[in-house]
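> Only the shape, not the letters, is given here:
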DNA sequence: AGGATAGGTAGGGAATCACCTACGCGTCAA
DNA sequence: TTGACGCGTAGGTGATTCCCTACCTATCCT
(Lines give C-alpha, C1' and ligand atoms only; values in the text may rest on other atoms or scores of the structure.)
Protein backbone atom coordinates (compact mmCIF):
# COMPACT_ATOMS: atom_id res chain seq x y z
CA UNK A 1 0.00 0.00 0.00
CA UNK A 2 1.75 3.11 -1.15
CA UNK A 3 0.84 6.31 0.63
CA UNK A 4 1.32 8.13 -2.67
CA UNK A 5 -1.78 7.50 -4.68
CA UNK A 6 -1.96 8.43 -8.29
CA UNK A 7 -4.05 11.49 -7.39
CA UNK A 8 -1.36 12.72 -5.01
CA UNK A 9 1.28 12.34 -7.71
CA UNK A 10 -0.96 14.25 -10.08
CA UNK A 11 -1.21 17.07 -7.58
CA UNK A 12 2.53 17.27 -7.00
CA UNK A 13 3.51 17.26 -10.67
CA UNK A 14 0.72 19.69 -11.52
CA UNK A 15 1.90 21.99 -8.75
CA UNK A 16 5.41 21.92 -10.18
CA UNK A 17 4.15 22.62 -13.70
CA UNK A 18 4.08 26.34 -13.14
CA UNK A 19 7.01 28.75 -13.06
CA UNK A 20 5.52 30.94 -10.33
CA UNK A 21 5.07 28.00 -8.00
CA UNK A 22 8.55 26.65 -8.68
CA UNK A 23 9.89 30.12 -7.93
CA UNK A 24 8.03 30.15 -4.61
CA UNK A 25 9.67 26.86 -3.71
CA UNK A 26 13.07 28.26 -4.66
CA UNK A 27 12.53 31.33 -2.49
CA UNK A 28 11.51 29.19 0.48
CA UNK A 29 14.51 26.98 -0.09
CA UNK A 30 17.04 29.79 -0.37
CA UNK A 31 15.68 32.23 2.20
CA UNK A 32 13.79 30.06 4.63
CA UNK A 33 10.16 30.35 5.73
CA UNK A 34 8.45 33.57 4.78
CA UNK A 35 5.20 35.45 5.04
CA UNK A 36 3.01 35.89 1.99
CA UNK A 37 3.88 39.55 1.64
CA UNK A 38 7.61 38.86 1.37
CA UNK A 39 6.92 36.24 -1.27
CA UNK A 40 4.54 38.49 -3.15
CA UNK A 41 7.24 41.16 -3.57
CA UNK A 42 8.99 38.88 -6.06
CA UNK A 43 6.07 38.62 -8.45
CA UNK A 44 4.17 40.93 -10.70
CA UNK A 45 0.83 39.30 -10.13
CA UNK A 46 -1.76 40.44 -7.60
CA UNK A 47 -1.66 38.92 -4.18
CA UNK A 48 -4.90 36.90 -4.45
CA UNK A 49 -3.40 35.06 -7.41
CA UNK A 50 -0.34 34.23 -5.37
CA UNK A 51 -2.64 33.05 -2.57
CA UNK A 52 -4.12 30.56 -4.99
CA UNK A 53 -0.70 29.32 -5.98
CA UNK A 54 0.06 28.84 -2.30
CA UNK A 55 -3.12 26.86 -1.92
CA UNK A 56 -2.09 24.58 -4.79
CA UNK A 57 1.31 24.07 -3.18
CA UNK A 58 -0.33 23.40 0.17
CA UNK A 59 -2.71 20.82 -1.26
CA UNK A 60 0.24 19.11 -2.92
CA UNK A 61 1.97 19.00 0.46
CA UNK A 62 4.88 21.06 -0.83
CA UNK A 63 4.48 23.86 1.70
CA UNK A 64 2.93 24.23 5.12
CA UNK A 65 1.60 27.34 6.76
CA UNK A 66 1.95 28.51 10.32
CA UNK A 67 -0.01 31.47 11.64
CA UNK A 68 1.89 34.14 13.47
CA UNK A 69 -0.22 37.11 14.40
CA UNK A 70 -1.82 38.35 11.24
CA UNK A 71 0.87 36.81 9.14
CA UNK A 72 1.00 33.38 7.61
CA UNK A 73 4.46 31.93 7.48
CA UNK A 74 4.97 29.49 4.64
CA UNK A 75 7.60 26.80 4.86
CA UNK A 76 8.99 24.38 2.30
CA UNK A 77 7.95 20.75 2.80
CA UNK A 78 10.25 18.56 0.78
CA UNK A 79 8.68 15.15 1.36
CA UNK A 80 6.71 15.14 -1.91
CA UNK A 81 9.90 16.04 -3.74
CA UNK A 82 11.58 13.01 -2.21
CA UNK A 83 8.76 10.95 -3.65
CA UNK A 84 9.31 12.50 -7.04
CA UNK A 85 12.92 11.41 -6.81
CA UNK A 86 11.80 7.92 -5.92
CA UNK A 87 9.49 7.94 -8.91
CA UNK A 88 12.39 9.01 -11.08
CA UNK A 89 14.71 6.28 -9.91
CA UNK A 90 13.76 3.43 -12.28
CA UNK A 91 14.37 5.76 -15.22
CA UNK A 92 17.90 6.61 -14.18
CA UNK A 93 19.60 3.87 -16.13
CA UNK A 94 18.10 5.24 -19.31
CA UNK A 95 20.16 8.36 -19.21
CA UNK A 96 23.13 6.80 -17.47
CA UNK A 97 23.35 4.06 -20.10
CA UNK A 98 23.18 6.64 -22.79
CA UNK A 99 25.95 8.73 -21.28
CA UNK A 100 28.21 5.74 -21.11
CA UNK A 101 27.73 5.06 -24.79
CA UNK A 102 25.71 1.95 -24.16
CA UNK A 103 22.73 3.93 -25.32
CA UNK A 104 20.19 2.72 -27.83
CA UNK A 105 20.76 -0.78 -26.62
CA UNK A 106 18.53 -1.66 -23.73
CA UNK A 107 15.95 0.86 -24.68
CA UNK A 108 15.76 -0.30 -28.26
CA UNK A 109 15.24 -3.93 -27.26
CA UNK A 110 11.65 -4.72 -26.48
CA UNK A 111 11.06 -6.86 -23.41
CA UNK A 112 14.42 -6.47 -21.76
CA UNK A 113 13.36 -8.46 -18.73
CA UNK A 114 12.77 -5.78 -16.17
CA UNK A 115 9.98 -7.63 -14.39
CA UNK B 1 22.60 29.67 -21.37
CA UNK B 2 20.54 26.75 -20.20
CA UNK B 3 18.80 24.77 -22.90
CA UNK B 4 15.95 24.18 -20.46
CA UNK B 5 13.87 27.30 -20.41
CA UNK B 6 11.07 27.74 -18.00
CA UNK B 7 8.58 26.86 -20.74
CA UNK B 8 10.32 23.54 -21.32
CA UNK B 9 10.19 22.75 -17.61
CA UNK B 10 6.51 23.63 -17.61
CA UNK B 11 5.94 21.20 -20.45
CA UNK B 12 7.81 18.36 -18.77
CA UNK B 13 6.11 18.72 -15.40
CA UNK B 14 2.72 19.20 -17.03
CA UNK B 15 3.28 16.07 -19.11
CA UNK B 16 4.04 14.13 -15.95
CA UNK B 17 0.96 15.49 -14.16
CA UNK B 18 -1.28 12.84 -15.67
CA UNK B 19 -1.55 9.20 -14.69
CA UNK B 20 -2.11 7.97 -18.24
CA UNK B 21 1.05 9.63 -19.48
CA UNK B 22 3.10 8.38 -16.55
CA UNK B 23 1.77 4.91 -17.31
CA UNK B 24 2.86 5.24 -20.94
CA UNK B 25 6.35 6.11 -19.76
CA UNK B 26 6.36 3.11 -17.46
CA UNK B 27 5.29 0.79 -20.27
CA UNK B 28 8.01 2.13 -22.55
CA UNK B 29 10.54 1.72 -19.77
CA UNK B 30 9.56 -1.83 -18.86
CA UNK B 31 8.78 -3.24 -22.27
CA UNK B 32 10.84 -1.14 -24.65
CA UNK B 33 9.68 0.83 -27.69
CA UNK B 34 6.17 0.04 -28.83
CA UNK B 35 3.60 0.91 -31.44
CA UNK B 36 0.56 2.95 -30.52
CA UNK B 37 -1.76 -0.04 -30.75
CA UNK B 38 0.21 -2.02 -28.17
CA UNK B 39 0.16 0.94 -25.82
CA UNK B 40 -3.53 1.56 -26.38
CA UNK B 41 -4.38 -1.98 -25.23
CA UNK B 42 -3.52 -0.96 -21.68
CA UNK B 43 -6.02 1.87 -21.46
CA UNK B 44 -9.76 2.21 -21.48
CA UNK B 45 -9.79 5.43 -23.43
CA UNK B 46 -10.24 5.72 -27.21
CA UNK B 47 -7.16 5.71 -29.34
CA UNK B 48 -7.36 9.35 -30.47
CA UNK B 49 -7.19 10.42 -26.83
CA UNK B 50 -4.08 8.36 -26.36
CA UNK B 51 -2.66 9.95 -29.51
CA UNK B 52 -3.02 13.33 -27.86
CA UNK B 53 -1.26 12.11 -24.75
CA UNK B 54 1.56 10.90 -26.98
CA UNK B 55 1.74 14.30 -28.60
CA UNK B 56 2.07 15.95 -25.18
CA UNK B 57 4.85 13.54 -24.28
CA UNK B 58 6.55 14.18 -27.61
CA UNK B 59 6.42 17.94 -27.20
CA UNK B 60 7.92 17.56 -23.75
CA UNK B 61 10.74 15.53 -25.28
CA UNK B 62 9.85 12.50 -23.17
CA UNK B 63 9.23 10.18 -26.10
CA UNK B 64 10.29 10.05 -29.73
CA UNK B 65 8.53 8.41 -32.62
CA UNK B 66 9.95 6.40 -35.47
CA UNK B 67 7.82 5.38 -38.42
CA UNK B 68 7.90 1.76 -39.46
CA UNK B 69 5.46 0.91 -42.21
CA UNK B 70 2.08 2.03 -41.05
CA UNK B 71 3.11 1.82 -37.45
CA UNK B 72 4.62 4.49 -35.26
CA UNK B 73 7.09 3.15 -32.76
CA UNK B 74 7.33 5.23 -29.61
CA UNK B 75 10.47 5.19 -27.52
CA UNK B 76 11.24 6.58 -24.09
CA UNK B 77 13.55 9.62 -24.07
CA UNK B 78 14.88 10.10 -20.59
CA UNK B 79 16.85 13.33 -21.02
CA UNK B 80 14.08 15.57 -19.65
CA UNK B 81 13.81 13.28 -16.63
CA UNK B 82 17.51 13.77 -16.00
CA UNK B 83 16.83 17.49 -15.97
CA UNK B 84 14.04 17.00 -13.48
CA UNK B 85 16.52 15.22 -11.27
CA UNK B 86 18.93 18.12 -11.65
CA UNK B 87 16.14 20.50 -10.71
CA UNK B 88 15.43 18.38 -7.65
CA UNK B 89 18.99 18.34 -6.45
CA UNK B 90 19.15 21.57 -4.41
CA UNK B 91 16.11 20.37 -2.44
CA UNK B 92 17.71 17.11 -1.41
CA UNK B 93 19.21 18.34 1.82
CA UNK B 94 15.74 19.31 3.00
CA UNK B 95 14.58 15.76 3.30
CA UNK B 96 18.01 14.36 4.12
CA UNK B 97 18.45 16.82 6.99
CA UNK B 98 15.03 15.96 8.27
CA UNK B 99 15.72 12.24 8.16
CA UNK B 100 18.89 12.70 10.15
CA UNK B 101 17.03 14.54 12.87
CA UNK B 102 18.70 17.81 12.00
CA UNK B 103 15.36 18.83 10.60
CA UNK B 104 13.63 22.10 11.33
CA UNK B 105 16.99 23.73 11.70
CA UNK B 106 18.31 24.96 8.39
CA UNK B 107 14.86 25.28 6.94
CA UNK B 108 13.57 27.27 9.87
CA UNK B 109 16.47 29.71 9.69
CA UNK B 110 15.90 32.48 7.19
CA UNK B 111 18.86 33.39 5.00
CA UNK B 112 21.02 30.38 5.60
CA UNK B 113 23.66 31.51 3.14
CA UNK B 114 22.92 29.34 0.14
CA UNK B 115 24.17 31.91 -2.37
C1' DA C 1 -13.56 52.04 18.91
C1' DG C 2 -11.62 53.00 14.38
C1' DG C 3 -8.30 52.52 10.86
C1' DA C 4 -4.60 50.09 8.75
C1' DT C 5 -2.47 45.81 7.62
C1' DA C 6 -2.11 40.64 6.33
C1' DG C 7 -4.17 37.46 3.74
C1' DG C 8 -7.94 34.60 2.38
C1' DT C 9 -12.56 33.84 -0.49
C1' DA C 10 -16.11 34.88 -4.24
C1' DG C 11 -16.95 35.12 -8.69
C1' DG C 12 -15.93 36.10 -13.56
C1' DG C 13 -13.41 35.49 -18.07
C1' DA C 14 -10.09 33.70 -21.45
C1' DA C 15 -7.39 29.80 -22.27
C1' DT C 16 -6.19 25.06 -21.88
C1' DC C 17 -7.20 20.13 -20.84
C1' DA C 18 -9.04 15.60 -21.47
C1' DC C 19 -12.20 13.17 -23.27
C1' DC C 20 -15.34 11.99 -27.22
C1' DT C 21 -16.99 10.98 -32.49
C1' DA C 22 -16.09 11.66 -37.30
C1' DC C 23 -12.94 11.70 -40.73
C1' DG C 24 -8.49 11.91 -43.55
C1' DC C 25 -4.04 9.97 -45.01
C1' DG C 26 -0.58 6.62 -45.84
C1' DT C 27 0.53 1.58 -46.06
C1' DC C 28 -0.16 -3.15 -46.79
C1' DA C 29 -2.53 -7.24 -48.72
C1' DA C 30 -5.64 -9.47 -51.91
C1' DT D 1 -7.32 -1.20 -57.33
C1' DT D 2 -10.03 -1.95 -53.63
C1' DG D 3 -10.44 -2.61 -48.95
C1' DA D 4 -8.68 -3.05 -44.28
C1' DC D 5 -5.50 -1.39 -41.00
C1' DG D 6 -2.58 2.07 -38.13
C1' DC D 7 -2.66 6.43 -36.58
C1' DG D 8 -3.17 11.25 -36.70
C1' DT D 9 -6.29 15.58 -37.01
C1' DA D 10 -10.70 18.30 -36.68
C1' DG D 11 -13.97 19.89 -33.95
C1' DG D 12 -17.09 19.78 -29.96
C1' DT D 13 -18.04 19.60 -24.76
C1' DG D 14 -17.51 19.98 -19.81
C1' DA D 15 -14.01 20.73 -16.37
C1' DT D 16 -10.06 23.08 -14.76
C1' DT D 17 -6.40 26.74 -14.77
C1' DC D 18 -4.73 31.30 -14.02
C1' DC D 19 -5.34 35.64 -13.90
C1' DC D 20 -8.26 39.62 -12.40
C1' DT D 21 -11.38 42.91 -9.15
C1' DA D 22 -14.24 43.08 -5.21
C1' DC D 23 -14.92 41.90 -0.69
C1' DC D 24 -14.51 39.63 3.92
C1' DT D 25 -12.17 38.29 8.34
C1' DA D 26 -8.66 38.64 11.80
C1' DT D 27 -5.09 41.13 14.04
C1' DC D 28 -2.55 45.05 15.48
C1' DC D 29 -2.00 50.00 16.69
C1' DT D 30 -3.51 54.34 18.49
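Great, that's in hand. Everything numeric in this text was worked out from a predicted model, so none of it was measured.

> got a pLDDT number for the closest residue in space to residue A:61 that isn't next to it in sequence?
Of all residues not flanking residue A:61 in the chain, residue A:80 sits nearest, at 4.8 Å (C-beta to C-beta, 6 or more residues apart in numbering or on different chains). For the C-beta atoms, the positions are set from N, CA and C on the backbone; glycine is no exception. As predicted, residue A:80 sits at a pLDDT of 97.

> okay, and for chain A, where does confidence drop off?
Scanning chain A for pLDDT under 70 picks out the ranges A:1-3, A:98-115.

> So which residues on it come close to DNA strand D?
For chain A, the residues in contact with DNA strand D (C-beta under 7 Å from any atom of the strand) are A:14, A:17-18, A:20, A:44-46, A:48-49, A:52-53, A:56, A:69-70.

> Contact partners for the residue nearest to residue A:61?
The contact partners of residue A:80, taken as C-beta atoms under 8 Å, 6 or more residues apart in numbering or on different chains, are A:8, A:12, A:60, A:61, A:62.

> And those, which is closest to DNA strand D?
residue A:60 (10.4 Å; C-beta to the nearest atom of the strand).

> What about that closest one, how many residues nearby?
Residue A:60 has 20 neighbours, counted by other C-beta atoms under 10 Å in any protein chain shown.

> Which of the helices or strands spans the residue nearest to residue A:61?
Residue A:80 belongs to helix A:79-88 when assigned by DSSP states H and E.

> Could you pull out the buried residues of that helix?
A:80, A:81, A:82, A:83, A:84, A:85, A:87, A:88 (16 or more other C-beta atoms under 10 Å in any protein chain shown).

> And for stretch A:41-56?
A:50, A:53, A:54, A:56.

> The second one is in what secondary structure piece?
Meaning residue A:53. Here residue A:53 is assigned to helix A:47-59, by DSSP H and E.

> Is DNA strand C within reach of that helix?
Yes: counting by C-beta under 7 Å from any atom of the strand, DNA strand C is contacted by helix A:47-59 at A:47, A:48, A:51, A:52, A:54, A:55.

> Give me the contacts around that helix.
A:11, A:14-15, A:18, A:20-21, A:24-25, A:36-37, A:39-40, A:43, A:63-65, A:74.

> re earlier: what's the spacing between the residue nearest to residue A:61 and residue A:64?
Relative to residue A:64, residue A:80 is positioned 11 Å away (C-beta to C-beta, to the nearest Å).
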